[in-house]
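# requesting a structural model of the entry that follows:
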Amino acid sequence: MGASSLRSLYSIQYPTVIVYMLQNTEYRVGPYLKWYWQTSNFSKVMYRRRLEPTRAARLLLATVRVGILLELGIGVASIVAWWQGDLKGGLAFGLAIILAYPVVWAHLVIVPLGLGWLVTKPLEWRQIRASHQIFANFGGIKIAVAGSYGKTSMKELLLTVLGQGRKVAATPANKNVAISHARFAKELSGNEDILIIEFGEGGPGDVARFAQNTHPTHGIITGLSPAHLDKYKTLQRAGEDIFSLANYVPPKQLYVNAESQAATPFIKSTYQAYNQKGVLGWKIDGVRINLDGTKFVMRKDKQILELHSGLVGRHQVGPLALAAALAYQFGLSAKQIAIGIAKTEPFEHRMQPYKLHGAWIIDDTYNGNLEGVRVGIELLHELPGRRKIYVTPGLVDQGKDSDKIHEQMGRLIAKASPDIVVLMQHSVTKHIQKGLDIGHYKGQLLIQDDPLAFYNNLPVFVANGDLVLMQNDWPDSYR
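Modelled structure (predicted):
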């Protein structure tokens, strides 16, 4: 450890840094400790972001600061007592106390979390048990949305479209675990027609547990892709968990994204598939894609739906069509469906286009899976641009297959042949490069050591007529 790294342990910012690290690992002790012991210079941890001053963060920070002051006080008092001849061994003890406080408090900071867990967990379990009865007694439609990607987007699509003719409630933001479902249930008025419940998949058994508690009548599986493989270990186990939803809804009321390549082995003929060609007997044609949105036509018997969404990308057609088809099935008129689809817009940092100095930027930085990379690169290839530029730091949580997945990512990029590829220097960069080489990429490759500086200087980097796709983010806790 160099002098600057050593100084970072004793800087005035150190307490804030360790609380920031805990906050950014969502107060999970294991990931926090792993990040802590991998860090050599704590002055560089908060380079991109700052501690969010939530109530929990403020309390933890105050606890750490007071604790450090007390420890330093004990150390100084011990040295003074030794100096005065009142405490044998006080010098060694005092110096040890003073020098050790960074490491001591890096670990003591998790103690309040353990104490809080002992208090909050029983309360959460009671809330979850109470929500079980609320969901069981609900007599309307309950749609569970599961998958490795696209869950929040699908939920918001359904909420927007179905809400044009029915009273609909949906779990907020990306709150998709059991306690979030319980809090959602508590807020229900009781006169809703349709509930939309997003299912997260943090580890094996999650989807089944959520289904047992919420009693869905319908299910949607948005797709399967390598994600959370640090917990699932293999894509097969992730797929088994997600598709366990099929055990809790009738097969004819389980809708599966047939465009997800990894999901194909899990799809049965009894399920309802949806894709760009159609869903539930509806046929799709006339698809037009540009940066202003997506247009297409749906036909079934004599019914025709001409739809225009603000969402960008050919991959959006299937989910939009499913939302429209379900709306029709649930009694909405063609006019209500068209109005609902027209209200759908890109979600923040998810295929969100904006203009910058005459260039078009597509912000897809909340994407974090290989399937999202695939459809994003296809969109970049399809849309016009003076120069096409692809920017990524890579993917996290890819488990033991990370190297292989990033090589595949490089091959996908090479196949689309963007003029410039910008990679952020991380542990996976060399594997993306290898994939680019395998795919015989002939464009310009730039590797950035300072991602924040690159993003801050993006207005200088782009030119009029450029088309830039920025995919994925790289949390500070990953190397």
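
# next secondary structure element downstream of the helix or strand hosting residue 123?
Using DSSP states H and E, residue 123 maps to helix 111-137. Remark: after helix 111-137, the chain's next helix or strand is strand 141-146, criterion DSSP H and E.

# after that next one, which helix or strand is next?
Using DSSP H and E, the helix or strand that follows strand 141-146 towards the C-terminus is helix 151-162.

# what about that following helix, average pLDDT?
Taken as a whole, helix 151-162 has an average pLDDT of 95.

# what does that helix contact?
Under the criterion Cβ atoms under 8 Å, 6 or more residues apart in numbering, residues 143, 145, 147, 168, 170-171, 173-174, 176, 194, 196, 198-200, 220, 222, 319-320, 322-324, 326-327, 330, 332, 337, 340-341, 343-344, 347, 350 lie in contact with helix 151-162. From N, CA and C alone the C-beta is placed, and that goes for glycine too.

# what sits up against stretch 303-316?
The list of residues contacting stretch 303-316 from outside it, by Cβ under 8 Å, 6+ apart, reads 259, 276, 282, 287, 289-299, 320, 324, 328, 334, 337-338, 341-346, 351, 353, 362, 375-376, 378-379, 382.

# just the contacts of helix 151-162: which are in helices?
With helices identified by DSSP state H, the entries of these that belong to them are 319-320, 322-324, 326-327, 337, 340-341.

# ok, those residues vs residue 110, which is closest?
The shortest gap between residue 110 and any of these belongs to residue 319, at 40.4 Å (Cβ to Cβ).

# so the closest one makes contact with residue 223?
No. Shown here, residue 319 and residue 223 do not form a contact pair, counting by Cβ atoms under 8 Å, at 9.8 Å.

# need the overlap of contacts for these two.
What both residue 319 and residue 223 touch, as defined by Cβ under 8 Å, 6+ apart, is the set 150, 257.

# hmm, back to that, report the two of the ones in helices among the contacts of helix 151-162 separated the most.
319 and 337 (14.1 Å).

# tell me which of those two has more neighbours.
When residue 319 and residue 337 are compared for neighbours, residue 319 comes out ahead with 26 against 23, by other Cβ atoms under 10 Å.

# how near is that one to residue 258?
If you measure residue 319 against residue 258 using Cβ to Cβ, to the nearest Å, the figure is 12 Å.

# what helices and strands are in contact with the particular helix or strand that has residue 404 in it?
With elements taken from DSSP H and E, the one containing residue 404 is helix 402-416. Contacting helix 402-416 under the criterion 3 or more Cβ pairs under 8 Å, 6 or more residues apart in numbering; DSSP states H and E are the following elements: helix 370-382, strand 388-392, helix 429-438.

# now do the shortest one: which elements does it pack against?
Okay, so that is strand 388-392. With contacts defined as 3+ Cβ pairs under 8 Å, 6+ apart, the packing partners of strand 388-392 are helix 370-382, helix 402-416, strand 420-424, strand 467-471.

# repeat that with 6 Å
Other elements packing on strand 388-392 under the criterion 3 or more Cβ pairs under 6 Å, 6 or more residues apart in numbering; DSSP states H and E are strand 420-424, strand 467-471.

# tabulate these (a markdown table), appending mean pLDDT, mean neighbour count and distance to residue 431.
As requested, these are arranged in a markdown table below (pLDDT from 0 to 100; neighbours: other Cβ atoms under 10 Å; distance: least, Cβ to Cβ, whole Å):
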| stretch | mean pLDDT | mean neighbour count | distance to residue 431 |
| --- | --- | --- | --- |
| strand 420-424 | 93 | 21 | 10 |
| strand 467-471 | 93 | 24 | 16 |
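
# between those strands, which gets nearest to residue 12?
For those, the distance to residue 12 is smallest for strand 420-424, at 29.8 Å, taking Cβ to Cβ.

# what's the burial count for residue 341?
With other Cβ under 10 Å as criterion, residue 341 counts 29.

# can you check the one 5 residues further on too?
Neighbouring residues of residue 346 were enumerated by other Cβ under 10 Å; the total is 21.

# isn't it up against residue 352?
Yes. Taking Cβ atoms under 6 Å as the definition, residue 346 is a contact partner of residue 352 at 4.2 Å.

# what number of residues lie near the nearest residue in space to residue 415 that is not next to it in sequence?
When the adjacent residues along the chain are set aside, residue 415 lies closest to residue 439, with 5.9 Å between them (Cβ to Cβ, 6 or more residues apart in numbering). Using other Cβ under 10 Å, residue 439 has 18 neighbouring residues.

# could you double-check that residue 439 lies in contact with residue 412?
No. The criterion here is Cβ under 6 Å, and residue 439 misses it with residue 412 at 7.8 Å.

# follow-up on the earlier one: mark which of the contacts of stretch 303-316 are buried, thanks.
For the contacts of stretch 303-316, burial is judged from neighbour counts taken by 16 or more other Cβ atoms under 10 Å, and it is met by 259, 276, 282, 289, 293-296, 298-299, 320, 324, 328, 334, 337-338, 341-342, 344, 346, 351, 353, 362, 375-376, 378-379.

# adding distance to residue 161, write the helices and strands packed on strand 388-392 out as TSV.
Formatted as TSV, the helices and strands packed on strand 388-392 follow (distance: least, Cβ to Cβ, whole Å):
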stretch	distance to residue 161
strand 420-424	36
strand 467-471	27
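
# minimum distance to residue 254: which of the ones you listed has it?
Closest to residue 254 of the helices and strands packed on strand 388-392, according to Cβ to Cβ: strand 467-471, at 29.5 Å.

# show me how far the closest one is from its chain's centre.
Strand 467-471 sits 18 Å away from the centroid of its parent chain (Cα atoms, centre = their mean, to the nearest Å).

# please apply the same query to stretch 124-143.
Mean C-alpha position of stretch 124-143 versus that of the full chain (Cα atoms, centre = their mean) differs by 25 Å.

# just the CA trace of it, in PDB.
This file holds the C-alpha atoms of stretch 124-143, laid out as PDB (Å, rounded to 0.1, in the frame of the first residue of the first chain):
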ATOM      1  CA  GLU A 124     -41.500  -7.700   7.600                       C
ATOM      2  CA  TRP A 125     -42.500 -11.400   8.000                       C
ATOM      3  CA  ARG A 126     -45.700 -10.300   9.700                       C
ATOM      4  CA  GLN A 127     -46.400  -7.800   6.800                       C
ATOM      5  CA  ILE A 128     -45.800 -10.500   4.200                       C
ATOM      6  CA  ARG A 129     -48.100 -13.000   6.000                       C
ATOM      7  CA  ALA A 130     -50.800 -10.300   6.100                       C
ATOM      8  CA  SER A 131     -50.400  -9.600   2.400                       C
ATOM      9  CA  HIS A 132     -50.900 -13.200   1.600                       C
ATOM     10  CA  GLN A 133     -54.500 -13.000   2.700                       C
ATOM     11  CA  ILE A 134     -55.000  -9.600   0.900                       C
ATOM     12  CA  PHE A 135     -53.900 -11.100  -2.400                       C
ATOM     13  CA  ALA A 136     -55.900 -14.300  -1.900                       C
ATOM     14  CA  ASN A 137     -59.100 -12.300  -1.300                       C
ATOM     15  CA  PHE A 138     -58.600 -10.100  -4.300                       C
ATOM     16  CA  GLY A 139     -61.200 -11.100  -6.900                       C
ATOM     17  CA  GLY A 140     -59.900  -9.300  -9.900                       C
ATOM     18  CA  ILE A 141     -57.000 -10.000 -12.400                       C
ATOM     19  CA  LYS A 142     -53.500 -10.400 -10.900                       C
ATOM     20  CA  ILE A 143     -50.700 -10.300 -13.500                       C
END
